[in-house]
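Enquirer: just coords:
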């Protein structure tokens, strides 16, 4: 919209575009270095130059022992992320719908959500692990770890729901009611399907935020590590490009999950017409 | 079965509230309580003493830690604001096609959804003495020998912070800017405003809540970080939370808890300061 | 046809709706009766309460006080689906994630009808609105006019006895709007059910309705046939809102053979036939005069019409070509808009320009007494034409 009448772009466009390109390079550059280095040759070190090309470091991940418990922590992370994702969707969709009405206590819950979002993760972890200690319980990635991660994913999920529901036209639900749908039928047949792109977004947030979560998990995972914790341990112990191989693999997983989610959302939006669900 | 509206909402919001109370609200209370506890080498002893707080206030290291943390927070805030604003401005006002706009926006956001730790350590082979950056600089004869300060220094810490948190600035500012009615811009152009004047008079004021929201995110993230500063400075610099994490590792929970409480108060004051300047409530109610 | 249709007579009895205690009511102690099988339009500016009434009849809002009866039965506490009504929403509210066919069949699906049964009936209805070829498309792929017909079909599949339309034509562009008016009228006549149509466009209401209900601030100003609303408005508000007549007002000077002669604020004299009404000298009375019965002549300098009754001098303020007539707005100096609709052939004999001094005159028989300042009539009861 800042084009001149002749349709030519102002000179600032080129400057800003160049800045943007630099920014993208800044974001992706270092990560690309890791991807490349993960194919480091068997004799190679942690930096350039590349000493041949091999997939040896990837093999080392799978063979247990030398590079820590990659396979185990990977399994735990995926499982935890899947559970966190499902729980986040169910809890945040319900809560998002509940917040549409004004109810006593809405303000308190909202501030609780925001507080949970901005609180440094390590404090949450500290509180949970101390609490467990005082109760005589052992921290465990399935309980305290999950709970800690939820304090991070739930606020994000709720904010996404707010954004999506804010644009949702209530006349769809009224029309359904007018045509004879009960409250449950309305939710199942109209509200949830129309909100589906947003719900996929919440699931995506839930999965990736849990999968990559570190600060909250570090004190609450108990004796068995999740993948980020394992990587953290590797940064101090392991001095081989196996670390980079882990980075590459975990990033690929993230990209796949993101790609599938965004792809589904795009597909749905295209079929329903852009702006469908809004008016 | 017809539920009253309030009851229906409680049932729907209930699980969320329950989980946050159990795993956030109560733990925070535990931390506050623990900050008053005593401890010996083996265990913590429930008590009510102010020693932990006293120690913090009388320790001269405390002030330097806070100064260090706040220094990083301010520098990172300024840089991310500059970059975030510019990127958002470019995407909203200079990119015409909506499809490309969203595509580029996703391009920037996707790295955010990969592991923080991986992204942080990816700077090490990049900035190290034998890293790519130095190799390029030396190879192109820009500098005679590799720059040492690039890695394991305050510079590296700031770079890593900016890398990790700029997106927190881009998203809210992008949101605010995208909501500006394009007809306002056109009316200003009609009245003869230069692009710079449009930026100053229209875009900047209307992006204030996005800027504030982004600032809050960035500041709280930096103030609350414990591992970036440790790794990227090679142990030379410290922040309040990194010192705190050391205490935790040594099982000195009560002092760590007291330190946490004080830090939260400081951060809340910083956030309140930002909110006094701009009201973000309507931004959140989007 | 009437024997198989359930009674769609609607009665609104003493209904009030307040959203916030202490705030002025959206609907204020309103009474209305709509006869079965008639086409009724609720007309008024935004905020007058017309949509609120519609939604209360539908069951999407509950009245704070009062009752609603449909077909003689009190439905105030019934759910929308139990009332035998169906609503067409302003934005159509077609489910974007379902095909046109599934949209139309939705109500039957909610009742548990089998797929073959409900798809069969849905196709029948789509045929009626000439959209059977679009059965498998998604709403986003249809034009505005087509979406509206799908919304209509969807509402009609349950054989409602009352159809409630919330500004059904406002989302369409002008050309389609004019065409669809006729469609709605035709469908209503064919089905023989009651239609209640909310709009803020005067001419639209007059074009389609048997009964027009003019509302303002939660109350009914007048409910009458379209013809009566246009040519026999009851008070100044309805007169100004509908726009077919001008409002005249003045203080009574004297009587003259069944009429009152009043003096306006600018000194002109108007004659208002009184019928059975009585007025006192000095009283402020209001009258309306048809805009298409005004003669407009160029005023020569020196001519003074002060002694003429039913005439005044003024300056032409605006001229608007309306096709078969020209709308001439004359400024009489008292702030009231005075418009003359001059026939095309009359105007172009000697076209007048903006700013020209003119004399406007009319016959007393085209003037009617308005209710303003007099005791208000009884509650508005609408009768089918």
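Expert: That came in fine, so what should we check first? Computed from a prediction, not measured in an experiment: that's the story for all the values here.

Enquirer: Let me know the secondary structure of residue B:16.
Expert: Using DSSP: H, G, I helix; E, B strand; the rest coil, the structure places residue B:16 in helix.

Enquirer: Which positions in the stretch 251-385 of chain C make contact with chain B?
Expert: Proximity of the stretch 251-385 of chain C to chain B (C-beta under 8 Å from any C-beta of the partner chain) involves no residue at all. For every residue, glycine as well, the C-beta is placed using N, CA and C.

Enquirer: Show me the strands in the stretch 251-385 of chain C, by range?
Expert: For the stretch 251-385 of chain C, applying DSSP state E, counting those that start in this stretch gives strands covering C:259-263, C:269-273, C:284-290, C:295-298, C:311-321, C:325-331, C:337-343, C:357-361, C:367-369.

Enquirer: try the stretch 1-150 of chain B
Expert: B:38-39, B:44-45.

Enquirer: List just the one of these that sits closest to chain A.
Expert: Set against chain A and scored by C-beta to the nearest C-beta, the strands of the stretch 1-150 of chain B come closest in strand B:44-45, at 8.1 Å.

Enquirer: With residue A:186 as the reference, measure out to the residue in the stretch 1-150 of chain C that chain A sits nearest to.
Expert: Residue nearest to chain A within the stretch 1-150 of chain C: residue C:140 (2.4 Å; C-beta to the nearest C-beta). Look at residue C:140 and residue A:186: by C-beta to C-beta, to the nearest Å, they are 21 Å apart.

Enquirer: can you tell me which residues contact residue A:35?
Expert: A:244, A:247, A:248, A:251 (C-beta atoms under 8 Å, 6 or more residues apart in numbering or on different chains).

Enquirer: For the helix or strand where the second one lies, buried residues please.
Expert: Read it as residue A:247. Assignment of secondary structure by DSSP states H and E places residue A:247 within helix A:242-272. For helix A:242-272, a neighbour-count test (16 or more other C-beta atoms under 10 Å in any protein chain shown) marks A:242-251, A:253-254, A:257-258, A:261-262, A:265, A:268-269, A:272 as buried.

Enquirer: How about stretch B:55-70?
Expert: Neighbour-count burial for stretch B:55-70, with 16+ other C-beta under 10 Å as criterion, is recorded at B:56, B:62, B:65, B:66, B:68, B:69, B:70.

Enquirer: Kindly state the pLDDT recorded for residue 167?
Expert: In the absence of a named chain, this looks at chain A. What the model reports as pLDDT for residue A:167 is 84.

Enquirer: hm, I was asking about chain C
Expert: pLDDT, residue C:167: 94.

Enquirer: That one reaches residue C:199, doesn't it?
Expert: Yes: counting by C-beta atoms under 8 Å, residue C:199 is a contact partner of residue C:167 at 5.9 Å.

Enquirer: thinking again about what came up before, chain C: which of the contacts of residue A:35 is nearest?
Expert: Distance to chain C, by C-beta to the nearest C-beta, is smallest for residue A:251 among these, at 33.6 Å.

Enquirer: now the stretch 51-200 of chain C, which segments are flagged as low pLDDT?
Expert: Applying pLDDT under 70 to the stretch 51-200 of chain C flags no residue at all.

Enquirer: What ranges does it have for its strands?
Expert: Assigned by DSSP E, counting those that start in this stretch, the stretch 51-200 of chain C shows strands spanning C:65-70, C:73-74, C:85-88, C:162-166, C:194-199.

Enquirer: now the ones you listed in a markdown table, with distance to chain B and mean neighbour count?
Expert: Supplementary listing: the strands of the stretch 51-200 of chain C in a markdown table, determined by distance: least, C-beta to the nearest C-beta, whole Å; neighbours: other C-beta atoms under 10 Å in any protein chain shown:
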| stretch | distance to chain B | mean neighbour count |
| --- | --- | --- |
| strand C:65-70 | 20 | 18 |
| strand C:73-74 | 19 | 12 |
| strand C:85-88 | 20 | 26 |
| strand C:162-166 | 23 | 26 |
| strand C:194-199 | 27 | 26 |
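
Enquirer: and the strands of the stretch 1-150 of chain B, which one's lowest on average pLDDT?
Expert: Looking at the strands of the stretch 1-150 of chain B, the bottom one is strand B:44-45 with a mean of 70.

Enquirer: lowest-confidence helix or strand of the chain?
Expert: No chain in the question, so chain A it is. Lowest by mean pLDDT, DSSP states H and E among the helices and strands of chain A is helix A:56-62, with a mean of 73.

Enquirer: State which helix of chain B is the longest.
Expert: helix B:60-89 (DSSP state H).

Enquirer: what angle separates the host helix or strand of residue A:18 from helix B:60-89?
Expert: Take DSSP H and E as the rule and residue A:18 turns out to sit in helix A:11-37. For helix A:11-37 against helix B:60-89, the angle by axes from the mean of the first three to the mean of the last three C-alpha atoms, to 10 degrees is 120 degrees.

Enquirer: mind giving me JSON lines with the contacts of residue A:35 and columns for pLDDT?
Expert: Listed next are the contacts of residue A:35 as JSON lines, based on pLDDT from 0 to 100:
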{"residue": "A:244", "pLDDT": "81"}
{"residue": "A:247", "pLDDT": "82"}
{"residue": "A:248", "pLDDT": "85"}
{"residue": "A:251", "pLDDT": "85"}
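
Enquirer: How about stretch A:23-38, which residues are buried there?
Expert: A:23, A:27, A:28, A:29, A:30, A:31, A:33, A:34, A:35, A:36, A:37, A:38.

Enquirer: what do you get for stretch B:168-182?
Expert: So, applying 16+ other C-beta under 10 Å, buried residues of stretch B:168-182: B:168, B:169, B:170, B:171, B:172, B:173, B:174, B:175, B:176, B:177, B:178, B:180.

Enquirer: so how far is chain A from the spatially closest residue to residue B:262 that is not a sequence neighbour?
Expert: Among residues not flanking residue B:262 along the chain, residue B:56 sits closest, at 6.3 Å (C-beta to C-beta, 6 or more residues apart in numbering or on different chains). Computed as C-beta to the nearest C-beta, to the nearest Å, the residue B:56 to chain A distance reads 15 Å.

Enquirer: I'd guessed residue B:56 sits against residue B:256; true?
Expert: No: Residue B:56 lies out of contact with residue B:256 (C-beta under 8 Å); the separation is 10.4 Å.

Enquirer: packing partners for the one helix or strand residue C:11 maps to?
Expert: In this structure, residue C:11 sits in strand C:10-17 according to DSSP H and E. When contacts are defined as 3 or more C-beta pairs under 8 Å, 6 or more residues apart in numbering or on different chains; DSSP states H and E, strand C:10-17 sits against strand C:27-34, helix C:50-58, strand C:65-70.

Enquirer: who does it pair up with?
Expert: strand C:27-34 (antiparallel), strand C:65-70 (antiparallel) (DSSP bridges).

Enquirer: which outside residues touch the last one?
Expert: In other words, strand C:65-70. Counting by C-beta under 8 Å, 6+ apart, C:7-16, C:29-30, C:56-57, C:74-76, C:83-85, C:161-162 sit against strand C:65-70.

Enquirer: Verify the stated contact: residue A:232 with residue A:214.
Expert: Yes: the pair residue A:232 / residue A:214 is scored as a contact, 6.8 Å apart, by C-beta under 8 Å.

Enquirer: what's the neighbour count on residue C:20?
Expert: The number of residues packed around residue C:20, counting by other C-beta atoms under 10 Å in any protein chain shown, is 8.

Enquirer: actually residue A:16, not the one I typed
Expert: For residue A:16, the count of nearby residues is 20 (other C-beta under 10 Å).

Enquirer: so who does it touch?
Expert: Residue A:16 makes contacts with B:86, B:89, B:90, B:94, as judged by C-beta under 8 Å, 6+ apart.

Enquirer: One more: residue A:73?
Expert: A:224, A:225, A:226, A:227, A:229, A:230.
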